[in-house]
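In: The sequence isn't on hand, but the structure is:
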Ligand SMILES: Nc1ncnc2c1ncn2[C@@H]1O[C@H](COP(=O)(O)OP(=O)(O)OP(=O)(O)O)[C@@H](O)[C@H]1O
């Protein structure tokens, strides 16, 4: 392992987890840098929470090693790992005041009273909950409870914050404001944070690095921009982005051309040794398709349904061969259902994948 490297905060080496005969995490290697905000994202059941709980020490590791700040922690108790975790359920003590909730962990760790007072004061100022200190959790809104839960993590001055879907019990508006609060907190504290969510907007907006998981494996890890612009496979391409990337069945036409639904699209990609007419998947993001005038585009589609959202319009279309296609249309003139449209795409915006779903470059 990387003892004493200093800039590595959390290192996972071939981490595996099985419940009985069922393996749910299949050998994950990951390095989280000091101060980095890393988001684990993926569909339900992909193993995000299990992975986070293994880092926290709340779940045994079946195989592999976990290191935090240069220290091997695989077999240490949660309290010995220098981490603090914030749960979706808040996990506050209902019979204690906010002040007592914040102080409780420190009391248990025999921190002296003056120090507890200082830390509680500092944390409640950061989270703007100073005026709620004498209330009980039952007298707080959901957002305020989550602030207290985060405050309880802050007072412990952990090396690493672990968040398990902390905003999923909040309503849509509150989620947005708490998301911004968490981003601000990260900027102010500068700690390493690892955050689990199935919400791709949270992943895109909060992360320095997104780790996309599926079935207990890492599909891709990278900056939000890398994940969005340079997806490694059709799973990542389809998972991140809303509305999702169009993934069209197509055939390789040679010399950069892709044949799809009777049209030919210049893909800008020329993968070596692709036999002519080999099946490929053409990935086109809705915002990269533009409605061309007349028939000058490379694809023709019929608009089945359209949604007007003010600044933009989503066109749900069908290609000649029945494949569906979503187009994000940004123009003052809206296009009604039933219309035939000619669509154009820049070669630099085409993403090509092989039959196994892996990216062709
Ligand atoms: N105690 C357990 N016993 C058996 N299987 C479990 C146990 N806990 C989790 N699993 C299984 O492990 C897999 C990963 O679960 P995990 O909770 O980590 O997924 P997740 O990605 O966090 O999903 P979600 O977004 O739904 O919370 C799932 O298939 C789940 O059914």
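Out: Thanks, I have it. Just so you know, these numbers come straight off a predicted model, no measurement behind them.
In: can you list the domains in the protein?
Out: Per automatic domain parsing, the structural domains of the chain span 8-238, 244-360.
In: and those, which is most packed in?
Out: Counting by mean count of other C-beta atoms under 10 Å, domain 8-238 has the highest mean neighbour count of the domains of the chain, with a mean of 18. (Each C-beta comes from the backbone N, C-alpha and C, glycine too.)
In: Can you name the next helix or strand after the top helix by length along the chain?
Out: When the chain is parsed with DSSP state H, its longest helix is helix 172-189. Downstream of helix 172-189, the next assigned helix or strand under DSSP states H and E is strand 192-197.
In: any idea which helix or strand comes after that following strand?
Out: In N-to-C order, the element after strand 192-197 by DSSP H and E is helix 200-206.
In: what mean pLDDT would you report for that following helix?
Out: Averaged over helix 200-206, pLDDT sits at 94.
In: Please enumerate residues in contact with it?
Out: 37, 39, 41, 167, 175, 179, 182-183, 186, 195, 197, 210, 224, 228, 239-242 (C-beta atoms under 8 Å, 6 or more residues apart in numbering).
In: Next one: the residue nearest the centre of the chain from the ligand, what distance?
Out: Nearest residue to the geometric centre of the chain (C-alpha atoms, centre = their mean): residue 203, 3.0 Å. In this view, residue 203 and the ligand are 13 Å apart by C-beta to the nearest ligand atom, to the nearest Å.
In: Roughly how far does that residue sit from residue 35?
Out: 18 Å (C-beta to C-beta, to the nearest Å).
In: Repeat that for residue 94.
Out: Separation of residue 94 from residue 35 (C-beta to C-beta) stands at 34 Å.
In: again with residue 218
Out: The value you get for residue 218 to residue 35, if C-beta to C-beta is used, is 21 Å.
In: Ok, residue 64 next?
Out: Counting by C-beta to C-beta, the separation of residue 64 from residue 35 is 24 Å.
In: Find me the pLDDT at residue 1, would you?
Out: 42.
In: Could you find the closest non-adjacent residue to residue 167?
Out: Leaving out its chain neighbours, the residue that sits closest to residue 167 by C-beta to C-beta, 6 or more residues apart in numbering is residue 175, at 4.7 Å.
In: how far does stretch 348-359 stretch from start to finish?
Out: End-to-end distance for stretch 348-359, by C-alpha to C-alpha, to the nearest Å: 14 Å.
In: go on, stretch 235-251?
Out: 19 Å.
In: Then stretch 83-98?
Out: Stretch 83-98 has an end-to-end distance of 21 Å (criterion: C-alpha to C-alpha).
In: Now do the same for that stretch: mean pLDDT, whole number.
Out: On average, stretch 83-98 scores 93.
In: And for stretch 14-23?
Out: In the prediction, stretch 14-23 has an average pLDDT of 97.
In: try stretch 246-253
Out: Here the average pLDDT along stretch 246-253 is 96.
In: can you pull the pLDDT of the residue in the stretch 251-361 of the chain that the ligand sits nearest to?
Out: The stretch 251-361 of the chain approaches the ligand most closely through residue 357 (20.3 Å), counting by C-beta to the nearest ligand atom. At residue 357, the predicted lDDT confidence score is 97.
In: ok, it touching residue 232?
Out: No. The pair residue 357 / residue 232 is not scored as a contact, 9.4 Å apart, by C-beta atoms under 8 Å.
In: these two touch, right, residue 169 and residue 91?
Out: No. Using C-beta under 8 Å, residue 169 makes no contact with residue 91, being 11.7 Å away.
In: ok, is stretch 62-74 in contact with the ligand or not?
Out: No. Using C-beta under 6 Å from any ligand atom, we find that stretch 62-74 stays clear of the ligand, coming within 11.8 Å at best.
In: Chain neighbours aside, what residue packs nearest to residue 254?
Out: Per C-beta to C-beta, 6+ apart, closest to residue 254 is residue 276, 5.1 Å.
In: swap that for residue 142, please
Out: Leaving out its chain neighbours, residue 142 is closest to residue 170 (C-beta to C-beta, 6+ apart), at 5.2 Å.
In: now residue 348
Out: Closest residue in space to residue 348, ignoring its immediate chain neighbours: residue 268 at 5.6 Å, by C-beta to C-beta, 6+ apart.
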